[in-house]
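Novice: return atomic coordinates for the entry below.
(2 chains)
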Amino acid sequence: MTDELHASVGVELTEPNPSTSLVGGLAKMLREIRSYRYLISNFVRRDLRVKYRNSALGYFWSLLDPLLLSGVYVVLFLIVAGNPHRLYPLWVVIGVLCWRFFGNSFQFAVSSLTGNEGTIKSIYFPRCLFAVAAASSNLAMVSLNLMVAVPFLVYFRMPPTIHLLLVPGGLALLFMLGLGLGLALACLNVLNRDVAHLSSFLLRAGFYVTPVLWTVEMAHGKKHALRYLLLNPVAVPITMVRNGLTGRPITVHWGYIIWSVVCSALTLLVGAMIFQRYEARVVKKL
Amino acid sequence: MSRTTIELRDVTLAFPRRRVTLESFGRSALNMLRGGRSRHKDEFIALEDISLELGEGEVLGVVGRNGAGKSTLLRVIAGIYRPDHGSAKTLARPVLLAGFGVGFNVNLSGRENVYLYGSILGHPRSVVDGLLPGIIEFSGLEAFIDQPLRTYSSGMRARLGFSVATSVQPDILLLDEALGVGDEEFRRRSSAHIRSMLEEAHTVVIASHNFSILKQVCTRAILLERGRVIHSGSIDEVEQVYTGKLPPAGSPGPPGASQSP
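Specialist: Prediction:
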């Protein structure tokens, strides 16, 4: 991470946090991620360590937790609809884990400035790193959590297929969406904390319109509704991870996939633009 | 003069007074977009038109009453606040010594926190590896370094934080008030350590009320009042203005009179 620091020593007078044009936001963020990657990896390591500290089961919890969770949803489904598909528990677990990954990345980013007031006021380093590190920690955790699929796949004797390649793609899209949306709102949340409350409500509402407890395949009977539900850019990446892990191709129309990819990229671009442009102005209000 | 290491040009910084309503939210959101300062009465000018140039070998004392803008000035130099107007530039990354132990996590061990805090301060793992023995020794926490931080007393945490923060000699050192942390013995050692850092650093800015220390180290001083530099000169001069024995430069009356246009 010190490449940038050391290069700047003794060359010329520089501003530590120069203002950027609106357009340069994402480029600046990527540069900062590059030169501070060491700090990001340390934050991620801290998050993982702290999460499972002082528990007898430790990292095993990252598998146990989703397993227990799927149990709950399966019971719920049996009560409501009865007779689920044999892979339904696995689909639900994957859906819930993906949604949690997206939601946590989003919420951490929204409160990345308000939640790190002490650090921000004592030392300068690029503030986008808080959100980037949180999203990266969540990416590491969801990757661990998704290992829960292995016992299912072994039990049902389903060897991995080429579709497994969809998994990293889906996770990348979720990363971009969660981080981008959160960054876009982080500055507003400094001005008014209602933003964080509102976004946690929206997240809870989004849980139901997104294929988390249900799958796109289950909704095929309702073509009309599905047409709108798939406009939700989170729907496609969850389906990608889900079908990738269970070795099925995605049946979603390719137009929706492109739509989701474009939305994710735009979200990250716009989120980074807004954050990098306004972060320094709102930090005074912490 | 030697190479300029810190350069402030017409630095102005205003803080909003907090009052969160829907109306003020809309207004502050608009202000954020416009980029300018709000033109409303509900802001507080923390720094106004401060220009300053420091070179190698200079030690600047910043004097002023509570709320005069001393800490804010240091934070602007450190890059924590970007000025609303003007610019603040430095030759190297400045190190602000204030609030030791930023980012400490109570569930991690002392050793893990050293690496974490070190990385926040900008030192990669390889550098912290080399610094670790010195840090542990200086903090005097050999016996506790692998215990989680929540078992530490607040004094022990401060000692660890101080030891990490001061383990690397910075070129530009910014020092805010309280030099002593921990118990008497550690306070003495930490003051001595700061003193040696002061001597090694190329440029130093110290905000303090302690004239006996300032007089020993400062080559120049400024007196802040309500965010403005009302006097600039030698530390002895500034002390006399501060204590009311001399009027500030450029104003015939006592300090209070300098406020009228």
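
Novice: how about low-confidence regions in chain A?
Specialist: A:1-11 (pLDDT under 70).

Novice: for it, what's the longest helix?
Specialist: Ranked by number of residues, the top helix in chain A under DSSP state H is helix A:254-283.

Novice: quick one: list the elements packing against it.
Specialist: Helices and strands touching helix A:254-283, by 3 or more Cβ pairs under 8 Å, 6 or more residues apart in numbering or on different chains; DSSP states H and E, are helix A:25-35, helix A:128-145, helix A:166-191, helix A:235-245, helix B:22-34. Heads up, the C-betas are built off the backbone N, CA and C, glycines and all.

Novice: can you show me the helices along the stretch 101-250 of chain B?
Specialist: Listed in chain order, the helices found in the stretch 101-250 of chain B under DSSP state H, counting those that start in this stretch are B:110-120, B:125-139, B:154-165, B:184-200, B:211-217, B:235-242.

Novice: show me what counts as buried in the fourth one.
Specialist: Buried residues in helix B:184-200, defined by neighbour count with 16 or more other Cβ atoms under 10 Å in any protein chain shown: B:186, B:189, B:190, B:193, B:194, B:197, B:198.

Novice: so is it next to chain A?
Specialist: No: residues of helix B:184-200 are not located near chain A by Cβ under 8 Å from any Cβ of the partner chain, the shortest gap being 15.1 Å.

Novice: between helix B:125-139 and that helix, find me the angle.
Specialist: Here helix B:184-200 points in a direction 130 degrees away from that of helix B:125-139 (axes from the mean of the first three to the mean of the last three Cα atoms, to 10 degrees).

Novice: tell me which parts of the stretch 151-261 of chain B are close to chain A?
Specialist: Residues of the stretch 151-261 of chain B lying near chain A (Cβ under 8 Å from any Cβ): residue B:171.

Novice: sorry, back to before: now render the helices of the stretch 101-250 of chain B as a markdown table, adding distance to residue A:155 and mean pLDDT.
Specialist: Conversion of the helices of the stretch 101-250 of chain B to a markdown table gives the following (distance: least, Cβ to Cβ, whole Å; pLDDT from 0 to 100):
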| stretch | distance to residue A:155 | mean pLDDT |
| --- | --- | --- |
| helix B:110-120 | 38 | 92 |
| helix B:125-139 | 41 | 94 |
| helix B:154-165 | 49 | 90 |
| helix B:184-200 | 59 | 87 |
| helix B:211-217 | 71 | 88 |
| helix B:235-242 | 78 | 93 |
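
Novice: who are the contact partners of residue 211?
Specialist: This is for chain A. By Cβ atoms under 8 Å, 6 or more residues apart in numbering or on different chains, the residues touching residue A:211 are A:95, A:219, A:229, A:235, A:238, A:239.

Novice: oops, chain B please
Specialist: Residue B:211 makes contact with B:63, B:235, B:239, according to Cβ under 8 Å, 6+ apart.

Novice: from the residues you listed, which is closest to chain A?
Specialist: Nearest to chain A among the contacts of residue B:211: residue B:63, at 22.0 Å, using Cβ to the nearest Cβ.

Novice: how many residues are close by that closest one?
Specialist: 25 (other Cβ atoms under 10 Å in any protein chain shown).

Novice: can you check the one 4 residues further on too?
Specialist: Taking other Cβ under 10 Å as the neighbour definition, residue B:67 ends up with a count of 14.

Novice: check which residues of stretch A:108-122 are buried.
Specialist: Judged by neighbour count using 16+ other Cβ under 10 Å, the buried positions of stretch A:108-122 are A:108-116, A:119-122.

Novice: next, the angle from the longest helix of chain A to helix A:25-35.
Specialist: 80 degrees.

Novice: about what we covered before: between the buried residues of helix B:184-200, which sits nearest residue B:3?
Specialist: residue B:198 (18.8 Å; Cβ to Cβ).

Novice: from residue B:122, how far off is the closest one?
Specialist: Residue B:198 sits 20 Å away from residue B:122 when distances are taken as Cβ to Cβ, to the nearest Å.

Novice: center of chain A, which residue is that?
Specialist: residue A:102 (3.2 Å; Cα atoms, centre = their mean).

Novice: can you pull the contacts of that residue?
Specialist: Shown in contact with residue A:102 (Cβ under 8 Å, 6+ apart): A:174, A:177, A:178, A:234.

Novice: which ones are touching the first one?
Specialist: When contacts are counted by Cβ under 8 Å, 6+ apart, residue A:174 is found next to A:98, A:101, A:102, A:105, A:234, A:237, A:238, A:241.

Novice: out of the contacts of residue A:211, which are buried?
Specialist: Counted by 16+ other Cβ under 10 Å, those give A:95, A:229, A:235, A:238, A:239 as buried.

Novice: got the angle for the helix or strand that contains the first one vs helix A:235-245?
Specialist: Spelled out, that is residue A:95. Taking DSSP states H and E as the definition, residue A:95 sits inside helix A:88-110. Relative orientation of helix A:88-110 and helix A:235-245, computed by the same axes, to 10 degrees: 130 degrees.
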